[in-house]
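Student: Next come a sequence and a model predicted from it.
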Amino acid sequence: MMKIKELVDRLNLEVVVEGNLEVEVTGGYASDLLSNVMARSSAGDLWLTIQGHQNIVAIAQLIELSGILVTENFSIDDDTVKKAKELGINILRSKLDTYELAGRLYQLGIE
Amino acid sequence: MMRSFIADLHVHSVLSPCGDLLMTPQNIINRSLELGLDMIAITDHNSAENIGVALELAKDTPLTIIPGMEVETVEEIHLICLFDTLDQVLLWQEKVYNSLPDFKNNEEIFGPQLLTDQSDEYMDRVDKLLLTATSLSINDVIKEVRSIGGIAIPSHVDKPNYSIISNLGFIPPDLDAAIFEISSKAKISKVIDKFNTIDNYSFISNSDAHYLQDIKRSMKLYMKAPKVKEVELALKGVNGRNAEIM
């Protein structure tokens, strides 16, 4: 387990929306199909996706994910940022792709 | 005899969790009449439970309501499904409900899914979460809708989310859909420039209204009657019929 803010430092992630960076990341999930994430991810997961639609925030809140990590510097809609700020959802971003980020997270012990 | 019909064939009601609370069937009808629309389709996400009451309320008006639904496929692609009768759309709804995962709606996150009665008052709500993907593939949807007698039109193909082009990369050449919807703000020539695989198709443009003020005179259809089959023929320009994006 590791706090989000530690991951931000270690992987040099951009903090797009700071909800609560003290929250513990207990696992990870990578998928771009929102329905799949809704069905299969667990509370505490950090979610890796290229989606920037505001529905990602609803899903993060519903499942109680520790945060959303938007990969490959994909663009994030303004509505998404606004909604995440309202609800205190962490949104991070990296220029690395999902495959590489998932590998690095695994190496850091997030399994 | 042929005549022009002004249409908007993609409108959400209060049943869609993202639809505004003023989008009751009566308000939608009033606004549509005010705008001089001849036909509208009510197309809520994965449900048609407000269609019956809307048809009743519009019965003695010049407005034709097309029973519709905006379904979400397993690939997270949205399609507008249009039918001629309540029975057809309810048959389709049964199929869709059986293909939805068993989640309950969380109103705080997604919004309420409201049903209204003949007096346009809120009467009940749908508990099942409607704003998610069914297990039906896009090919399943097109085939099943057609077998019931309706047409399925991939929604807002130029948009970055929930559209066939975004989610599948391009329109599969063997896809049995001849009509596609572009979003209301898009310019048809620009859409064709950007996605050059779609120049052989017919296009419809609708408001995709979630607020009363978004409903608009979207299409001018020159055809025989306000029927789904006629809409399809008009969009394809068959036998003197035609369709024009307004």
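Tutor: Okay, I see it. No experiment lies behind these values; they were computed from the predicted model shown. Residues are numbered from 1 along each chain as shown, chains lettered A, B, ... in the order given.
Student: what ranges do the helices span in chain B?
Tutor: Along chain B, counting by DSSP state H, helices occupy B:25-34, B:51-58, B:86-98, B:107-110, B:138-148, B:164-168, B:188-194, B:228-236.
Student: So, low pLDDT: which residues of chain B?
Tutor: Applying pLDDT under 70 to chain B flags the ranges B:196-199.
Student: Any chance of the helices of chain B in a markdown table with mean neighbour count as columns?
Tutor: Every C-beta, even on glycine, is put in place using the N, C-alpha and C of the backbone. Putting these into a markdown table (neighbours: other C-beta atoms under 10 Å in any protein chain shown) gives the following:
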| stretch | mean neighbour count |
| --- | --- |
| helix B:25-34 | 20 |
| helix B:51-58 | 20 |
| helix B:86-98 | 18 |
| helix B:107-110 | 15 |
| helix B:138-148 | 18 |
| helix B:164-168 | 19 |
| helix B:188-194 | 12 |
| helix B:228-236 | 21 |
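Student: Look through chain B and state the residue closest to chain A.
Tutor: B:Ala133 (3.6 Å; C-beta to the nearest C-beta).
Student: which residue sits closest to B:Asp124, ignoring its sequence neighbours?
Tutor: B:Leu115 (4.5 Å; C-beta to C-beta, 6 or more residues apart in numbering or on different chains).
Student: I'd say that neighbour and B:Arg125 touch.
Tutor: Yes. Contact status for B:Leu115 versus B:Arg125: in contact at 6.4 Å, counting by C-beta atoms under 8 Å.
Student: give the contact list for the residue of chain B closest to chain A.
Tutor: A:Leu33, A:Leu34, A:Ser35, B:Glu72, B:Thr73, B:Val74, B:Glu75, B:Glu76 (C-beta atoms under 8 Å, 6 or more residues apart in numbering or on different chains).
Student: which residues touch the first one?
Tutor: Okay, so that is A:Leu33. Per C-beta under 8 Å, 6+ apart, neighbours of A:Leu33: B:Glu75, B:Glu76, B:Ala133.
Student: What pLDDT is listed against it?
Tutor: We have a pLDDT of 89 for A:Leu33.
Student: Could you give the backbone dihedrals for it?
Tutor: phi -90, psi 110 (degrees, to the nearest 10).
Student: Please apply the same query to the third one.
Tutor: Backbone torsions of A:Ser35, given as degrees, to the nearest 10, read phi -60, psi -30.
Student: Against B:Ala54, how distant is it?
Tutor: According to C-beta to C-beta, to the nearest Å, A:Ser35 and B:Ala54 sit 28 Å apart.
Student: tell me the centre residue of chain A?
Tutor: The geometric centre of chain A, computed from its C-alpha atoms, lies nearest to A:Ile68 (C-alpha atoms, centre = their mean), at 1.6 Å.
Student: Neighbouring strands of the helix or strand containing that residue in the sheet, and parallel or not?
Tutor: Per DSSP states H and E, A:Ile68 falls inside strand A:67-70. Next to strand A:67-70 in the sheet, as set by DSSP bridges, lie strand A:45-49 (parallel), strand A:91-93 (parallel).
Student: Make CSV out of these and add mean pLDDT and mean neighbour count.
Tutor: Below are these laid out as CSV (pLDDT from 0 to 100; neighbours: other C-beta atoms under 10 Å in any protein chain shown):
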stretch, mean pLDDT, mean neighbour count
strand A:45-49, 98, 24
strand A:91-93, 98, 22
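Student: In chain B, mark out all the strands, start to finish.
Tutor: B:3-11, B:39-45, B:64-72, B:78-82, B:114-116, B:122-125, B:151-154, B:179-182, B:202-205, B:219-223, B:242-245 (DSSP state E).
Student: Sounds good, over and out.
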